[in-house]
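Undergrad: this one's structure only:
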């Protein structure tokens, strides 16, 4: 009996894309993959995925093309480049972008794609990190047409525990910017807290446990505070550069909206300072190193 599941294409097999694709394959979806570095597709091909050489070729094999890419510039290239999705797109196909991008750029690209190909666009950024991607309990915030979302809601529910329609195209990206403002500011304060506890002679490894269930509790606290206290900076589960990019996006967007975001602006500068000291590719748990005395041993 033939599968009635929609066929899926996926571009961007990175920290998030790989576990997301594994879940889609495990759920039985026919999956075609592309990545700028083709070798990263190997484990998915071994698990049953088809690999293609260009983003345009994804459209030959997929009803729905999904993206999980680094930033706005990369998404623009993968969609509108010489062998991009737009070159192979067919009417009735749908693009779902899990990347975190600038809201206004998302709206512009969606309009351009619709005008050139009649392909729909959903911006569906996610929160929950690699752990959430592996477990299938991401939070997915979606912008776009409600009817397009209903087409792919069962697919998204393989990846996330919560799928929320936030409004028209770009609304998902606005919501993700809000999410990252909270996460990044939280991470920076957690670093301050751990360093203060250490300097005061308090066992910082107990902070997360002590505050669990109280008003200060959060997933970042439970994940980052123990890592910071124990100097466990690997494996890298997310990157300082990603948080910095998202903070810059939030600050730029807030300025365009005439909305004041002073705490986020400071967070962006602190994240940029930390990144400039060689930590862009490192885990945000390394933020604690900004607040420790040089040479301090823990």
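TA: That came in fine, so what should we check first? This is a predicted model, so every value here is computed, not measured.
Undergrad: can you give me the helices for this protein?
TA: In the chain, the segments counted as helices under DSSP state H are 17-26, 42-46, 55-61, 72-80, 85-88, 103-117, 129-135, 146-159, 171-199, 207-211, 219-230, 240-257, 262-274.
Undergrad: give me the pLDDT value at residue 298.
TA: With respect to pLDDT, residue 298 scores 53.
Undergrad: and for residue 103?
TA: Each residue has a pLDDT score; the one for residue 103 is 97.
Undergrad: residue 4 now?
TA: Reported pLDDT for residue 4: 83.
Undergrad: that one: how many residues sit nearby?
TA: The tally of other residues near residue 4 (other CB atoms under 10 Å) stands at 5. The C-beta positions use only the backbone N, C-alpha and C, and glycine is treated the same way.
Undergrad: pLDDT weak spots in the chain?
TA: Scanning the chain with the threshold set as pLDDT under 70 gives 1-3, 295-298.
Undergrad: got the domain ranges for it?
TA: Following automatic domain parsing, the chain resolves into domains at 8-167, 174-290.
Undergrad: residue contacts, residue 154?
TA: Going by CB atoms under 8 Å, 6 or more residues apart in numbering, residue 154 touches no other residue.
Undergrad: can you do 10 Å?
TA: 5-6, 27, 29, 163 (CB atoms under 10 Å, 6 or more residues apart in numbering).
Undergrad: buried ones only from those, please, as a PyMOL command.
TA: Command for PyMOL that selects the buried part of the contacts of residue 154, burial taken from 16 or more other CB atoms under 10 Å:
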select buried, resi 27+29+163
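Undergrad: winner for burial among the domains of the chain?
TA: Mean neighbour counts were compared across these using mean count of other CB atoms under 10 Å; the top stretch is domain 8-167, at a mean of 20.
Undergrad: re the thing from before, of all the helices of the chain, which one is nearest residue 35?
TA: helix 17-26 (7.7 Å; CB to CB).
Undergrad: from the contact counts, what lies against the closest one?
TA: On a contact count with 3 or more CB pairs under 10 Å, 6 or more residues apart in numbering; DSSP states H and E, helix 17-26 meets strand 8-11, strand 31-34, helix 42-46, strand 64-67, helix 129-135, strand 138-143, helix 146-159.
Undergrad: output those as TSV; include the columns distance to residue 171.
TA: Formatted as TSV, these follow (distance: least, CB to CB, whole Å):
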stretch	distance to residue 171
strand 8-11	22
strand 31-34	27
helix 42-46	30
strand 64-67	17
helix 129-135	21
strand 138-143	4
helix 146-159	11
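Undergrad: between the helices of the chain, which one is closest to residue 10.
TA: Closest to residue 10 of the helices of the chain is helix 17-26 (CB to CB; 5.3 Å).
Undergrad: okay, the angle between the closest one and strand 138-143?
TA: Comparing the axes of helix 17-26 and strand 138-143 via axes from the mean of the first three to the mean of the last three CA atoms, to 10 degrees yields an angle of 90 degrees.
Undergrad: let's have the chain start at 37 instead
TA: Renumbered: residue one is now 37, and that last one reads helix 53-62.
Undergrad: can you give the contact residues for helix 53-62?
TA: Under CB under 10 Å, 6+ apart, the answer for helix 53-62 is 41, 44, 46-50, 65-67, 69, 71, 76-77, 79-80, 83-85, 102-105, 134-135, 162, 166-172, 174, 191, 194-196.
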